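Asks: Curious how this folds, go ahead:
(2 chains)
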Amino acid sequence: MASIAEKLADKQQEISVGEFFERNKHILGFDSLTKALVTTVKEGVDNSLDACEEAEILPEIKVEIEEVGDREYKVAIEDNGPGIVKRKVPEVFGKLLYGSRFHEISQSRGQQGIGVSAVVMYGQLTTGKPTKVRSKINEKDYANEMKITLDTKKNEPEVLNEEVVLWEGKEHGMRFETTVKGLLRRGKHSVFEYLKNTAIVNPHAKIEFDRDGDKTVFKRATDQLPEKPEAVMPHLKGIELGTLAKMAKNADRRTLKSFLKNEFSRISYSKAEEICEEADIDPKTNPSDLEVEDHKDILNAAEEVKLMSPKTDCLSPIKGMLIKKGLKNVLKGNHPEYYAPPTTRDPNVYSGNPFQVEVGLVYGGELEKEGPVKVLRFANRVPLLYKKGGCATTTAIKNIDWRIYDLDQKGGKGMPSGPAVILIHVASTRVPFTSEAKEAIADIPEVIDEIEKGLRECARSLRTHLNKEKKRKKVKKKFTVVNDILPMIAKKSAEIIGEEPPELDRSLTKIMGVVYIEEESSWEDGRCKMEIEIMNYTPKERDMELFFEKPYPETELLSSNVEPDHEGDHLEWKIEDLEPSETRTFSIEFDGDLEKDDLDGTDIYIEGVGETKLIGAEPLPEDWDIELTDIEEED
Amino acid sequence: MGDKENKDRYEEALESLENIAEQFYEQLDDGEVPSMDIPTRSKTNIELDRRKGVWKLGDSTTNRSANNLKSSRMLLRTLYMLELIQDMIEEGKSSTLREMYYISEGWDKAQFSKQNQSDSLAEDMELVTGALREDFKLRPEEDGARLIGDITVEEVNRKGDVRTINCRDDVGDSGYTIPYNVESDKVNFSDVNVDFMIAIETGGMFDRLVENGFDEQANALLVHLKGQPARATRRVIKRLSEEKDVPVVVFTDADPWSFRIFASVAYGAINTAYLSEYLATPTAEYVGITASDIMSYDLPTDKLSKNDRKALEQELEDPRFDTDFWKEEIETMLDIDKKAEQQALAKYGLDYVTDTYLPEKLGEMGLM
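Replies: The predicted model follows:
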């Protein structure tokens, strides 16, 4: 953002923002009609999500697109965020590059866009129509509504008419309506795809999409808000020259030494002195007096002086179970057979910027078998739809020989193929994009390395799963042995020697040697029933725990033949003394506006049975601690 | 063997079969997985009995256990087959191997999917119990092959009467047909007036020698092998060789498969190696056609196919062919990359085989 701001600041004297906008359409995301529409929605939705999370509100976002003319659409975006106080509305919507964040940096969606004011300008330039904004804050009983345009010469907002309205049923929130030239497409670069992918990495958000009356709702899969990313001071090592210049010019501090210590992270007074000495600048210099050459010297000095790495705990990853929930929420219609436990790598640092990589992998079922695997790319929870080929995510995928993980890949090079979806999320206080257009992540070795490691972790899980699938098939054959053949052997041999048929349980468990879980679900009128059978086909008496992850937080347990030992986002049963060849059945029924594919076997986990002996369910993933705090509180 | 002896024979077979059922029962009762050990029938598990000169089954065994679907089915089939044999012995009936295969249609999950499965299981039962399939009231459908020559056979017919048949004078041109049971309770040889017997692979060559009167010309017994010979055919050859000291020569095509026909007559077949003592005639000699005959008689040939070459290479690994004679034969054939049929001798006229080829070859062996 900063460097666009820089450019803009430099150019502003010479040209109007209108001209600037025209010249830089490709950077701003308005270079094609299809993309313009996606960008319009993206700027609005990103803003809404950021605002809701900032205010710790579970986001409910509505996107409406209506065709109003030839390649002309009315786009409305509404949220339940905190709203914006009346006097700030014109600045946010009517002044290009207006932002609240300046010195502090944090992992936010906002850093990825030009700001919603660009949408206002784009609409105004292409259709001549103003943008209508409505905002209601909690403290007021009424909402403010105004029409806004942009003075493209002065980069100042113009408010056309302003009124006070009642907003029925809304405690707080924002809505804006703008009319833009665009082209509404389907497919991988569509608004739908953008919203769908947004829903995957924001399982705490409810997103409604109304396209000319054709409605899609992406339900909320969790009511846990993501942890708020911590805003931190920038690290001197990763900062751009322009940003440093801007910070120095606007600095409150009187001396360079104090400026360095207070406005950057991990710099003490003694470090600040060291930097000044290295840069050969008097520490007492007023930072606003520094010249461009001085800025450069300071940055060079920062490279020479040993600085502590930036803090990495300021990032807010999505984390395992929620990634799975998000993926499942959107992909369940394809009935994937397997969700690899998503990987959240430890935070790492590239040139002074903390970043963190997360990877998810879904496999099988009715996912497309032909062609390359589908890759979903995200930066700070924002989908990246363009420039896939030039993205670090693609580089990392291609670096791996997927054949060793049982995925097809021609010659062990390039994109693997098969029925799989790979999710890659890079979170950072400063995502390293390839260009100002912020459409792809640059090939930074540290970043590629982390992505690759994350991919390999998921790929290993997939391989284990596929091996287990083979084993499951073998076990199925053994069912024929123990259910059909063995009783016949017993009966026949007893007949021939004139005895009563022997008891088979012990022989049977020796043949099987597994704990087998089978589930069956049925659906009717928003209610789902599920029957889970746990069969102990081992020669040992066993204790274990059964976990079932509810699809939505509002999913309600209607009935269960066995009272669960815990009920929250997931259900939990302790199973004790399961005898060899004993079967326990759990019949559970759920309500809560459920759809047909909401419940399936991928939500069942078993703790207490070795992975090799467990068939038909996954062992409890390691990051199953999402709810532990709640449990402790209850106790 | 008399009636009483027969009864004992069946009782004994039955008892050893019932032991198998008892074993499964006890294993289940002990909470074990039912299983049985079966001697392994493969070329890696045959060994030469030096005293008897035949290749017999070695000591290695294969465990067949209910642990997997395929072999658990075989165990169940074993029990069903056992029950069938029980019934047949009780009712004094017998069935052919093919009939048993069809009977298994009613065996639910124990049904066989191919006849070679049921044939093979019958062989397994012989192996495990030490009885013969005849003791199980099972017989092959194919009759034994044909004999022509001056020997006299006494056969007990289905009415229990003894018929005396001279295999030269009392038969038509197709000869005496060997019944499936050629044990002494059924067949005996009373008068044997031949110098040697010649076992012939193909029907065409057998008929050529009959038409040319080779049996009288050479004072020989002609035996038709019909390809890979049936047990009864091999048993007749064995008995004539052993009981009546009739020398045996084998006359086949020159190809890898014919070499195996000779081996099963002389050394014993891998699949029935446990029966070699009854079936193999270790003194049998190979008269031809040899690989070197192809060259010295300049016979019309075919090129070896890929499978032929593979078979020859397998034979080089087969302990039964581990002799100087066979090593050289096989290597020569691989070298010249050619094979020939017996009837290729017709190149020089229909009488060539009886006038020239056989007298020359048998002369070298001292039989003519």
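Asks: Just give the closest residue to the residue in the stretch 101-250 of chain B positioned nearest to chain A, not the sequence neighbours.
Replies: Using C-beta to the nearest C-beta, residue B:109 is the residue of the stretch 101-250 of chain B that sits closest to chain A, at 5.4 Å. C-beta here means a position set from N, CA and C on the backbone, and glycine is covered the same way. Leaving aside its chain neighbours, residue B:109 sits nearest to residue A:484 (5.4 Å; criterion: C-beta to C-beta, 6 or more residues apart in numbering or on different chains).
Asks: Next, count neighbours for the one you found.
Replies: The number of residues packed near residue A:484 is 16, by other C-beta atoms under 10 Å in any protein chain shown.
Asks: and if you look at residue B:22?
Replies: Residue B:22: 14 surrounding residues under other C-beta under 10 Å.
Asks: so where do the helices sit in the stretch 151-300 of chain A?
Replies: Ranges of helices in the stretch 151-300 of chain A, per DSSP state H, counting those that start in this stretch, are A:191-201, A:241-249, A:256-263, A:269-279, A:292-304.
Asks: Which of those helices has the lowest mean pLDDT?
Replies: With a mean of 83, helix A:241-249 has the lowest mean pLDDT of those.
Asks: check contacts around the residue of the stretch 101-250 of chain B closest to chain A.
Replies: A:484, A:485, A:488, B:73, B:76 (C-beta atoms under 8 Å, 6 or more residues apart in numbering or on different chains).
Asks: Compile the helices of the stretch 151-300 of chain A into a markdown table and extend it with columns for distance to residue B:257 and mean neighbour count.
Replies: Putting the helices of the stretch 151-300 of chain A into a markdown table (distance: least, C-beta to C-beta, whole Å; neighbours: other C-beta atoms under 10 Å in any protein chain shown) gives the following:
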| stretch | distance to residue B:257 | mean neighbour count |
| --- | --- | --- |
| helix A:191-201 | 65 | 23 |
| helix A:241-249 | 86 | 19 |
| helix A:256-263 | 92 | 22 |
| helix A:269-279 | 90 | 18 |
| helix A:292-304 | 82 | 16 |
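Asks: Chain B: which of these is closest?
Replies: Nearest to chain B among those is helix A:191-201; the distance by C-beta to the nearest C-beta comes to 41.7 Å.
Asks: residues in contact with the closest one?
Replies: A:37-38, A:41-42, A:45, A:49, A:63, A:65, A:184, A:186-187, A:205, A:207, A:209, A:211, A:216, A:218, A:318, A:323, A:326-327, A:329-330, A:376, A:378, A:381-383, A:385, A:423, A:425.
Asks: can you dump the C-alpha coordinates of it into PDB?
Replies: Once non-C-alpha atoms are left out, helix A:191-201 reads as follows in PDB (Å, rounded to 0.1, in the frame of the first residue of the first chain):
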ATOM      1  CA  VAL A 191     -17.500 -13.300  -8.100                       C
ATOM      2  CA  PHE A 192     -19.000 -16.600  -7.000                       C
ATOM      3  CA  GLU A 193     -15.600 -18.300  -6.900                       C
ATOM      4  CA  TYR A 194     -14.200 -15.400  -4.900                       C
ATOM      5  CA  LEU A 195     -17.000 -15.600  -2.300                       C
ATOM      6  CA  LYS A 196     -16.900 -19.300  -2.100                       C
ATOM      7  CA  ASN A 197     -13.100 -19.200  -1.500                       C
ATOM      8  CA  THR A 198     -13.600 -16.400   1.000                       C
ATOM      9  CA  ALA A 199     -16.100 -18.600   2.900                       C
ATOM     10  CA  ILE A 200     -13.500 -21.400   3.000                       C
ATOM     11  CA  VAL A 201     -11.000 -19.400   4.900                       C
END
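Asks: can you map out the strands along the stretch 201-350 of chain A?
Replies: With strands called from DSSP state E, counting those that start in this stretch, the stretch 201-350 of chain A shows them at A:206-211, A:214-218, A:338-344, A:348-350.
Asks: ok, now which ones touch whichever residue of the stretch 151-300 of chain B sits closest to chain A?
Replies: Nearest residue of the stretch 151-300 of chain B to chain A (C-beta to the nearest C-beta) works out as residue B:274 at 24.1 Å. Residue B:274 sits next to B:39, B:56, B:57, B:126, B:127 when contact means C-beta under 8 Å, 6+ apart.
Asks: In helices only, show me those residues.
Replies: Members of the contacts of residue B:274 lying in helices (criterion: DSSP state H): B:126, B:127.
Asks: Identify the residues contacting the closest residue to residue A:540 other than its chain neighbours.
Replies: Sequence neighbours aside, residue A:580 is the residue nearest to residue A:540 in space, at 6.7 Å (criterion: C-beta to C-beta, 6+ apart). Residues in contact with residue A:580 (C-beta under 8 Å, 6+ apart) are A:505, A:506, A:509, A:536, A:537, A:538, A:539, A:540, A:541.
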